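A.B. asks: Quick one, structure for this:
(one chain, ligands or ions: 2)
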Amino acid sequence: MKDCIFCKIINGEIPSFKVYEDNRVFAFMDINPISPGHTLIIPKNHAANLMEISNEDLAAVHKASKKVMAGIVATLQPSGVACLQLNGAGANQVVFHYHLHLIPRIPGEPDLPVSGWEIKPGDMGEIKATAEKISGALNNG
Ligand code: 5GP
Ligand code: ZN
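C.D. replies: Numbering: from 1, shown residues only. Ligands and ions are numbered 1, 2, ... in the order given. Okay, here's the model as predicted:
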């Protein structure tokens, strides 16, 4: 898509540090890494978010993430790897081309705020009502 930074990276119009590519997927280093090895995995077909991406591209991105993660684990020996995917400006998505972040957790690097939220029991009535609304919208009983 015109004016999409990640489409330009796939086309080679913007340089990137590629780590993996197949017929559906491109994976490259994030230039503002949260920790060393921070990698982005994207579909070659433009899709803004999880709502738009095709099932085939979604599966391909996540299959590729297993391969890339194996490379990260083998080379960087992280204590863990966070997989993060944001949808919409309200969720702090900045680039509107679907991407899965692989963020190695390297001891000594800053904590990931999103993975360290406080565990607080919710209101069961509220949780149940919300579940019913969502499942009703899915028509799955
Ligand atoms: P989001 O908040 O949309 O999930 O994250 C977008 C990510 O894309 C950010 O982590 C940002 O550092 C990365 N990014 C933005 N522009 C570029 C770029 O031109 N090249 C690379 N490699 N990463 C980028
Ligand atoms: Zn794009």
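
A.B. asks: all contacts plus neighbour counts: C-alpha atoms, from now on.
C.D. replies: Will do.

A.B. asks: Off-centre distance for whichever helix in the chain runs longest?
C.D. replies: For the chain, the helix reaching the highest residue count under DSSP state H is reported as helix 55-76. Helix 55-76 sits 11 Å away from the centroid of its parent chain (CA atoms, centre = their mean, to the nearest Å).

A.B. asks: now it: mean pLDDT?
C.D. replies: Here helix 55-76 scores 98 as its mean pLDDT.

A.B. asks: OK, contacts around the residue nearest the centre of the chain?
C.D. replies: Most central in the chain under CA atoms, centre = their mean is L100, positioned 1.9 Å from the mean C-alpha point. For L100, the contact set (CA atoms under 8 Å, 6 or more residues apart in numbering) comprises L40, I41, I42, V61, C83, L84, Q85.

A.B. asks: Who wins on neighbours among those residues?
C.D. replies: Within these, neighbour counts (other CA atoms under 10 Å) peak at I42, which reaches 29 neighbours.
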